[in-house]
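[1] Sequence plus predicted model, see below.
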Amino acid sequence: MIELKGLWKSFEGRDVLKDINATFENGKTNLIIGQSGSGKTVLMKCIVGLLTPERGELLYDNRNFLAMGKKEKKALRREMGMIFQSAALFDSMTVLDNVMFPLNMFSNDTFRDRTRRAMFCLDRVNLSEAKDKFPGEISGGMQKRVAIARAIALNPQYLFCDEPNSGLDPKTSLVIDELIHDITLEYNMTTLINTHDMNSVMGIGEKIIYIYDGYKEWEGSKDDIFTSSNKKLNDFIFASDLFRKVKELEVQNIEG
Ligand SMILES: Nc1ncnc2c1ncn2[C@@H]1O[C@H](COP(=O)(O)OP(=O)(O)OP(=O)(O)O)[C@@H](O)[C@H]1O
């Protein structure tokens, strides 16, 4: 579980995060949504320690991240897996070597055990057959699956995904979402996903926080989102065609 308590972050005197309070449970896919520029990326960067908030607390299963020394933070980072917007694979390494990379960096296991673990992770994302290929030889969706395999190689407790579906078609996005959701449940991880994708909201939005101009404007689940009377949230989500159609259907069902 990750808890945010009164987080504030500013740049050159301008507040970009304003008193963010939120709880993200393990075994769940937690989504951060909001307009471009609302502060989602800054929030995610603060949570993983790439930026330091000026005020507030950040608890990783009751461990106070902001009060930790360098060594403790480094140890905690080993419990974090990350998937970036672009799959961020090393082009000159094979798929297997990409997944091996964090193991080679951080694990003291033998080469044989590291290879076994990497193959296990590749198998989990149904890519063991692509192990000798290079990133340039596989599709964008496959690259994302390699990134997921690499992110889980060290068995993380916490998984962070920044726009995991960017650049993917809707069908492939669904596969990636389901994979992230299943893995989250399987390993009981606390997963945070920064997304613009309304299909993701509907599919795997077990917990959603909506950031508006640096504030947490709303929180709830994908089931609550349609019935919310929050005007700012509604303006945001019903700008999406898909959501508008679902809302219309809901209203028809209630009236009919
Ligand atoms: N390093 C920085 N220095 C100054 N301002 C910054 C910095 N990083 C982000 N900001 C500002 O903070 C605000 C929030 O940015 P952020 O990148 O978190 O938005 P976002 O919600 O992730 O947007 P998008 O969906 O477009 O990625 C923006 O106004 C941005 O210009």
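    That came through, no problem.

[2] C-alpha only now, for contacts and for neighbours.
    Fine.

[3] Poorly predicted segments of the stretch 51-200 of the chain, please.
    For the stretch 51-200 of the chain, the stretches with pLDDT under 70 are 86-87.

[4] So what's the residue count around the residue of it found nearest the ligand?
    Closest to the ligand within the stretch 51-200 of the chain is residue 196: 6.9 Å, counting by CA to the nearest ligand atom. The number of residues packed near residue 196 is 20, by other CA atoms under 10 Å.

[5] again with residue 113
    13.

[6] for it, what are its contacts?
    Not one residue lies near residue 113 by CA atoms under 8 Å, 6 or more residues apart in numbering.

[7] buried sites along the helix or strand containing it?
    Following DSSP states H and E, one finds residue 113 within helix 111-124. Neighbour counts over helix 111-124 (16 or more other CA atoms under 10 Å) mark 114-115, 117-122, 124 as buried.

[8] Also stretch 52-68?
    52-53, 57-60, 65-66.

[9] can you check stretch 133-146 too?
    For stretch 133-146, using 16+ other CA under 10 Å, the buried residues are 134-135, 140-146.

[10] Out of those residues, list just those in helices.
    Counted as lying in helices by DSSP state H, out of these, are 140-146.

[11] okay, among the residues you listed, which ones form the most distant pair?
    140 and 146 (9.8 Å; CA to CA).

[12] residue contacts, residue 132?
    Going by CA under 8 Å, 6+ apart, residue 132 touches 94-96.

[13] Now the residue of the stretch 51-200 of the chain closest to the ligand, what are its backbone angles?
    Note on residue 196: its backbone torsions stand at phi -110, psi -10 [degrees, to the nearest 10].

[14] Ok, the one 3 residues further on next?
    Residue 199 adopts backbone torsions of phi -60, psi -40, taken as degrees, to the nearest 10.

[15] Count the neighbours of it for me.
    Neighbours of residue 199 under the rule other CA under 10 Å: 17.
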